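Asks: this one's structure only:
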């Protein structure tokens, strides 16, 4: 069995020593045989209790400074009037009020108010100007919208009339550069009536900029026979639309295939071709230090010719400049070509001049050049 723990208790010490009760030590019954209790004698010195002598209050002070109640009462009896009078001894509050500063501040405040009112008046005037300008812009935009709507109506009417017209002379009133183009139209149609077509619907109609001119529109229409046609339309200063007939039919002075096959000599002709740089130097054009070579093809044809322009001439520089700016270094241009008499190169032609960097003449070409 485990030994029980005895609680420790504090007992008061009496002035007179009591006789100690006999102490009995119990042995551990698990580790040794059971024995009889043994009485231990208490020493005589332990019988007498000892006590420390503490001096009385009168004999010693319990702290360094022990103020009496009289002193505390005196300190609490301070005259509050004297304290408040001491506050008034601060020289800052006894100076005279600087009224001049108030006058200056008031003057500045009045000036600020006047300036603010003046600014408000100016702002009101500026706001009125802005309002007038805004109303003008809104009115201008509304007017432009009406004009654009009217222009679209005129373009649509001109296009429908163009495809419904069967007479060349009537058609010439609807095309660009009629003085120059009307003879070309007569040659192209050969005196035959033009087949009339009706427009099913317009696929695309949008303004385009050609060169430095922004008075052109591009229109894509689908005809009654399901054929899609692309038109370039110029808006004249009068507001009337004019259709570029040459780009619509991709006009050529003669068929490209016929020109390649027959090769008429000493005839100068203007062709709409696709050009790209090439390196086919042969026969009269074998000297690469003298000539630049360009591969020439035409719309709806598989025939190819090689055009040669002297490096020293403007035609070479013009074509190279256009090719640098064109996607894939391939450009649609109008050039003037010639086949000299007795030329041995069966695929070669001489490029005399570049007439236009596109298949459209912005201005009528000079017939004397």
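Replies: Arrived safely, thanks for sending. If you're wondering where the values come from, they're calculated on a predicted model, not measured in any experiment.
Asks: Quick one: low-confidence residue ranges for the stretch 51-200 of the chain.
Replies: Within the stretch 51-200 of the chain, the segments meeting pLDDT under 70 span 51-108, 110-140.
Asks: let's go with 80 and repeat that
Replies: Scanning the stretch 51-200 of the chain for pLDDT under 80 picks out the ranges 51-145.
Asks: Next: the stretch 251-369 of the chain.
Replies: Within the stretch 251-369 of the chain, the ranges that satisfy pLDDT under 80 run 367-369.
Asks: any chance you could map the strands in it?
Replies: Ranges of strands within the stretch 251-369 of the chain are 269-278, 291-297, 305-310, 330-338, 348-356, based on DSSP state E, counting those that start in this stretch.
Asks: Start and end of stretch 338-350, how far apart?
Replies: Taking C-alpha to C-alpha, to the nearest Å as the measure, stretch 338-350 stretches 5 Å from start to finish.
Asks: Name the residues that touch that stretch?
Replies: Under the criterion C-beta atoms under 8 Å, 6 or more residues apart in numbering, residues 263-269, 280, 282-285, 296, 304-309, 337, 352 lie in contact with stretch 338-350. Heads up, the C-betas are built off the backbone N, CA and C, glycines and all.
Asks: what about burial for the residues you listed, which qualify?
Replies: If you count burial by 16 or more other C-beta atoms under 10 Å, the buried members of the contacts of stretch 338-350 come out as 284-285, 296, 305-309, 337, 352.
Asks: Quickly check those for the two that are furthest apart.
Replies: Based on C-beta to C-beta, the longest span within the buried ones among the contacts of stretch 338-350 runs between 284 and 296 and measures 16.7 Å.
Asks: right, so of the strands of the stretch 251-369 of the chain, which gets closest to residue 204?
Replies: Taking C-beta to C-beta as the criterion, strand 330-338 is the member of these that comes nearest to residue 204, at 19.0 Å.
Asks: Okay, buried residues for that closest one please.
Replies: When neighbours are counted by 16+ other C-beta under 10 Å, the buried residues of strand 330-338 are found to be 331-338.
Asks: Which single one of these is nearest to residue 207?
Replies: residue 332 (20.5 Å).
Asks: Would you confirm that the closest one contacts residue 356?
Replies: No. With contacts defined as C-beta atoms under 8 Å, residue 332 does not count as touching residue 356, sitting 9.4 Å away.
Asks: Pull up the overlap in contacts between the two.
Replies: Residues touching both residue 332 and residue 356 do not exist when contact is defined as C-beta under 8 Å, 6+ apart.
Asks: got JSON lines for the buried residues of strand 330-338, with distance to residue 258 too?
Replies: Formatted as JSON lines, these follow (distance: C-beta to C-beta, whole Å):
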{"residue": "331", "distance to residue 258": "24"}
{"residue": "332", "distance to residue 258": "21"}
{"residue": "333", "distance to residue 258": "21"}
{"residue": "334", "distance to residue 258": "18"}
{"residue": "335", "distance to residue 258": "18"}
{"residue": "336", "distance to residue 258": "18"}
{"residue": "337", "distance to residue 258": "14"}
{"residue": "338", "distance to residue 258": "16"}
